[in-house]
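>>> sequence and predicted structure below; questions after.
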Amino acid sequence: MDLGFLFNPIKLGNVEISNRCVMAPMGAGIYSPDDKYPKKTIRYFEERAKGGAGLIISSNTRIHDKLAAGAYPLVGIYNDRLISSHEDLVEKVHKHGSKIFLQIAQFGCKFGGTEGPSSIYSLNYNIKPRELTTSELDSLVKYFIEGAQRGIKAGYDGIEVHGGYDYLIGAMISPALNKRTDKYGVNFEGRMKFPADIIKGIVKEFPGVPVGFKFSAYEWLPGGIDIALGKEIAKYISGLGVAFLDVASASSTTTLISSPYSHVPPIYVPRNTLMPLAEEIKKVCPDTIIIANGAITVPSEADEAISKGRCDMVALGRALIADPYWPNKAKAGIPVTPCIRCNVCHHQLWLGTPLCCSMNPDVLHESQQDLSIPGRKKNVMVVGAGPAGMRCAVTASKRGHNVTIYEKKSYIGGMMYPGSRPDFKEDVARALDWFRFELKENNVNIVLNTEVTYEMVEKIRPDALVVAIGAKPLRPDVPGIEKPFVDFAINILADISKYKGTKAVVIGGGDVGCETACYLADNGFKVTIIEVLPKILEENKITEEKLRLSDLLKERNINIMTETKLNKIVDGGVEVLIPYDTQMGLSEGGRQEGLEADLVAIAVNSKADSDFIKMLDMKAEEVHIIGDCSYPGRIKEAVESGERVGRLL
């Protein structure tokens, strides 16, 4: 695959970058109490430099520890005592040939902050902030410039001023958030004065040092930044002599509002989400280097965007979390570990916990990622080819064991396979392709269409047995459940061609039920979801995922009945019990209603086959139980358990 555009060098000011791959600025979720870079975070950045990122932009770095700083912990650059940890980071990154820029920012009233441009209520804030005084903003301009000075002293190759996401600078730019009447408000020029003074100050003090600006070309707030205003902001900032514009959006997961330009788009949103914004900015700033953002995860798509002039560089965020070696692998034509955009990583940061990844269990464990050579090479029998079993098999084989996976179905992937079938789950399909590549590359034997029995284990006599059979979906105990037009959602997802009709009822409004409903609708069914709880998607705690999946349901006009119980399945449909209207004077019980259905999809809970597991447990000296048959979880937990046991064997 020719990726010549992606791997062409490029200059930012007088600094040459070896390729167009930029590690997007992201927090790692671990912080030192003294605001220095933790050693573990430095090692995390170093791994991405080793992996070939041409440019690394540091995580959000505060320029003052108190004023408009927010309550959330960050790395700092507000005092000379902090320079040494930045020097350590720069040295580690430079050792591998990457360049690194310092991103300077201040939270303002985001993330528990109490100070902002104006004292107004907003969907963007948790509280009504205190309005910063003119003199305080003057001093913050000075602090930004001083922060840049310390960064340059630490050896950074350039500076990125963070003016996006409605952090302090972004809020100062926003007409929805800046209602000031002093020199920092009133009109467009007034709102742009704060970032302009910062940029002009850095450029004047440190000529020759490239300075870039990250900003939101679209804001989800009513009366905020639309694309037309985003273009004006870009032209204004470009005129200040910046080396590049890093084009983002300001979206929010704090309220139940879906922005058309999510800055952390989950799997239910198409990839390259913010590329249209970058393209619009490139049109009005043709001579300025434009960095595009937003779920850029596929190398060929990144290369194509650059080749067509939609942008000049691509910011890789979650892509580099999933695979630190994304650039080097892409250049060599090796499949990259795909980001499945489950947003587990982003959710962890929102919870204030360390970064993690569903596909990469080595995140923030880079210093421990090297695999040991076992004292004795074993014949390993893995039962089940779901994500836990596959990951275990690959890791164990890399260490030198002889590994065979046995799978009773005709395909690998476990629940990942049916979960990859809808068009909107293409990233999971890419992950399955990657697993296939890894299994083949690491000489793992795969035996399909084979149900393991205890006699088989006795006959094979493996040195180690790994049970990764997952969990079985549960059938509701209701009359009619055995009727021929009733089946589990995972079977319908796996091969929808077997199911005919025009009307479908899905029992269960969790992730699987909602995805199945969308898939059925895409294949010509009129669909109703029956959920016994007051809301659908109650168990999904990742707000952005929940919002976007709900959007898919709305787009497909799927009928949703909550607080509704399945009574029985009858010929031609189902009977349900729906709550009484309280106006009838009844508070308990419900009213029976019939729904026509050619197909009933069961998408309720699942349970491990404990009897079968216990039986297998008796047939080998070394036995490990992993994945959903050990403890129900997501792909993340399955991969982690597979990796852990793969290293233990």
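Nice, I can see it.
>>> measure Val264 to Cys21 for me?
Between Val264 and Cys21 the computed distance is 19 Å (Cβ to Cβ, to the nearest Å). C-beta coordinates here come from the backbone N, C-alpha and C atoms, glycine included.
>>> scratch that, Val403 is what I was asking about
Counting by Cβ to Cβ, the gap from Val403 to Cys21 is 33 Å.
>>> more neighbours: Val264 and Cys21, which one.
Cys21 (30 against 23; other Cβ atoms under 10 Å).
>>> the more buried one reaches Ala53, doesn't it?
Yes - contact criterion Cβ atoms under 8 Å: Cys21 and Ala53 qualify, at 5.1 Å.
>>> find residues that contact each of the two.
Residues touching both Cys21 and Ala53 by Cβ atoms under 8 Å, 6 or more residues apart in numbering: Leu316, Trp326, Pro327.
>>> highest neighbour count among these?
Within those, most neighbours by other Cβ under 10 Å means Pro327, with 30 neighbours.
>>> contacts only, for it.
Residues in contact with Pro327 (Cβ under 8 Å, 6+ apart) are Phe7, Asn19, Cys21, Gly51, Gly52, Ala53, Gly54, Leu316.
>>> so for the last one, what's the pLDDT?
Predicted confidence (pLDDT) for Leu316: 98.
>>> pretty sure it sits against Gly52.
No - look at Leu316 against Gly52 with Cβ under 8 Å: they stay out of range, at 10.5 Å.
>>> contacts only, for Asp323.
With the criterion set at Cβ under 8 Å, 6+ apart, Asp323 makes contact with Gly51, Lys329, Val336, Thr337, Pro338, Cys339, Met359, Asn360.
>>> I misspoke; the intended subject was Leu432.
Ile412, Gly413, Met416, Tyr417, Ser420.
>>> equivalent analysis for Arg20, please.
Applying Cβ under 8 Å, 6+ apart, the residues contacting Arg20 are Phe5, Leu6, Phe7, Asn8, Ile10, Gly54, Ala302, Ile306, Asp312, Met313, Val314.
>>> next: Ala489.
By Cβ under 8 Å, 6+ apart, the contact set of Ala489 is Pro418, Pro473, Val506, Gly508, Val512, Gly513, Thr516, Ala601, Ile602, Ala603.
>>> so where do the strands sit in the stretch 251-400 of the chain?
Under the criterion DSSP state E, counting those that start in this stretch, the stretch 251-400 of the chain contains strands at 289-292, 313-316, 379-383.
>>> what residues sit buried inside stretch 39-51?
By 16 or more other Cβ atoms under 10 Å, the buried positions in stretch 39-51 come out as Thr41, Ile42, Arg43, Tyr44, Phe45, Glu46, Glu47, Arg48, Ala49, Lys50, Gly51.
>>> for Asp157, state which of those is nearest.
Distance to Asp157 across the buried residues of stretch 39-51 (Cβ to Cβ) is lowest for Ala49, with 12.2 Å.
>>> assess the claim that that closest one and Lys95 are in contact.
Yes - the criterion here is Cβ under 8 Å, and Ala49 meets it with Lys95 at 7.5 Å.
>>> still on that earlier bit, nearest to Glu87, of the contacts of Pro327?
Minimum distance to Glu87 across the contacts of Pro327 is 19.6 Å, recorded for Ala53 (Cβ to Cβ).
>>> can you count the residues close to the closest one?
A count of nearby residues for Ala53, using other Cβ under 10 Å, gives 31.
>>> try Glu531
Glu531 has 25 neighbouring residues, counting by other Cβ under 10 Å.
>>> next one, pLDDT for it please.
On pLDDT, Glu531 comes in at 94.
>>> touching, it and Cys514? I think so.
No - between Glu531 and Cys514 there is no contact under Cβ under 8 Å: 9.3 Å.
>>> the most centrally placed residue in the chain: what's its closest spatial neighbour, skipping adjacent residues?
For the chain, the residue sitting closest to the mean C-alpha position, by Cα atoms, centre = their mean, is Asn343 at 3.0 Å. Spatial nearest neighbour of Asn343, chain neighbours left out: Pro266 (4.7 Å); criterion: Cβ to Cβ, 6 or more residues apart in numbering.
>>> for Asp312, same thing?
Nearest residue to Asp312, sequence neighbours excluded (Cβ to Cβ, 6+ apart): Ile289, at 4.7 Å.
>>> quickly list what that neighbour is bridged to.
Applying DSSP bridges to Ile289 gives these bridge partners: Phe244.
>>> longest strand in this structure, please.
strand 211-219 (DSSP state E).
>>> CA atoms only for it, dumped as CSV, please.
The C-alpha trace of strand 211-219 is given here as CSV (Å, rounded to 0.1, in the frame of the first residue of the first chain):
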residue,chain,number,x,y,z
VAL,A,211,3.8,28.3,17.5
GLY,A,212,0.6,26.5,16.6
PHE,A,213,-3.0,27.1,17.7
LYS,A,214,-5.6,24.5,18.5
PHE,A,215,-9.2,25.8,18.2
SER,A,216,-12.8,24.7,17.8
ALA,A,217,-14.1,25.4,14.3
TYR,A,218,-17.5,24.3,15.6
GLU,A,219,-19.2,24.7,18.9
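>>> so after that strand, what's the next helix or strand?
Next helix or strand after strand 211-219 toward the C-terminus (DSSP states H and E): helix 227-238.
>>> can you give me the buried ones in that following helix?
For helix 227-238, by 16+ other Cβ under 10 Å, it's Leu229, Gly230, Lys231, Ile233, Ala234, Ile237, Ser238.
>>> the last one: what's it in contact with?
Going back to what we said before, that points to Ser238. Counting by Cβ under 8 Å, 6+ apart, Ser238 has contacts Leu245, Cys285, Asp287, Thr288.
>>> got a PyMOL select line for the buried ones in the residues you listed?
Selection command for PyMOL covering only the buried members of those, criterion 16+ other Cβ under 10 Å:
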select buried, resi 245+285+288
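>>> the nearest residue to Phe7 once chain neighbours are set aside: which element?
Excluding the flanking residues, the one nearest Phe7 by Cβ to Cβ, 6+ apart is Asn19, at 4.6 Å. Using DSSP H and E, Asn19 is not contained in any helix or strand.
>>> same check on Gly642?
Using DSSP H and E, Gly642 falls in helix 635-648.
>>> cool, and Glu426?
Going by DSSP H and E, Glu426 is part of helix 426-441.
>>> list the buried ones in that helix?
Neighbour counts over helix 426-441 (16+ other Cβ under 10 Å) mark Glu426, Asp427, Val428, Ala429, Arg430, Ala431, Leu432, Trp434, Phe435, Glu438, Leu439 as buried.
>>> Lys128 is in contact with Ile120, correct?
Yes - using Cβ under 8 Å, Ile120 is in contact with Lys128, at 6.7 Å.
>>> list the buried ones in whichever strand or helix holds Gly190?
According to DSSP H and E, Gly190 maps onto helix 188-205. Neighbour counts over helix 188-205 (16+ other Cβ under 10 Å) mark 190-199, 201-203 as buried.
>>> with only the CA atoms kept, save it in PDB.
Only the C-alpha atoms of helix 188-205 are listed here, as PDB (Å, rounded to 0.1, in the frame of the first residue of the first chain):
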ATOM      1  CA  PHE A 188     -15.000  39.600  17.400                       C
ATOM      2  CA  GLU A 189     -11.800  41.500  17.700                       C
ATOM      3  CA  GLY A 190     -12.300  41.800  21.500                       C
ATOM      4  CA  ARG A 191     -13.000  38.100  21.900                       C
ATOM      5  CA  MET A 192      -9.900  37.300  19.800                       C
ATOM      6  CA  LYS A 193      -7.600  39.700  21.800                       C
ATOM      7  CA  PHE A 194      -6.800  37.200  24.600                       C
ATOM      8  CA  PRO A 195      -5.400  34.400  22.300                       C
ATOM      9  CA  ALA A 196      -3.900  37.000  19.900                       C
ATOM     10  CA  ASP A 197      -1.900  38.600  22.800                       C
ATOM     11  CA  ILE A 198      -0.700  35.200  23.900                       C
ATOM     12  CA  ILE A 199       0.400  34.200  20.400                       C
ATOM     13  CA  LYS A 200       2.000  37.500  19.500                       C
ATOM     14  CA  GLY A 201       3.800  37.600  22.800                       C
ATOM     15  CA  ILE A 202       5.400  34.100  22.300                       C
ATOM     16  CA  VAL A 203       6.300  34.900  18.600                       C
ATOM     17  CA  LYS A 204       7.900  38.200  19.600                       C
ATOM     18  CA  GLU A 205       9.800  36.800  22.600                       C
END
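>>> good, we can wrap up now.
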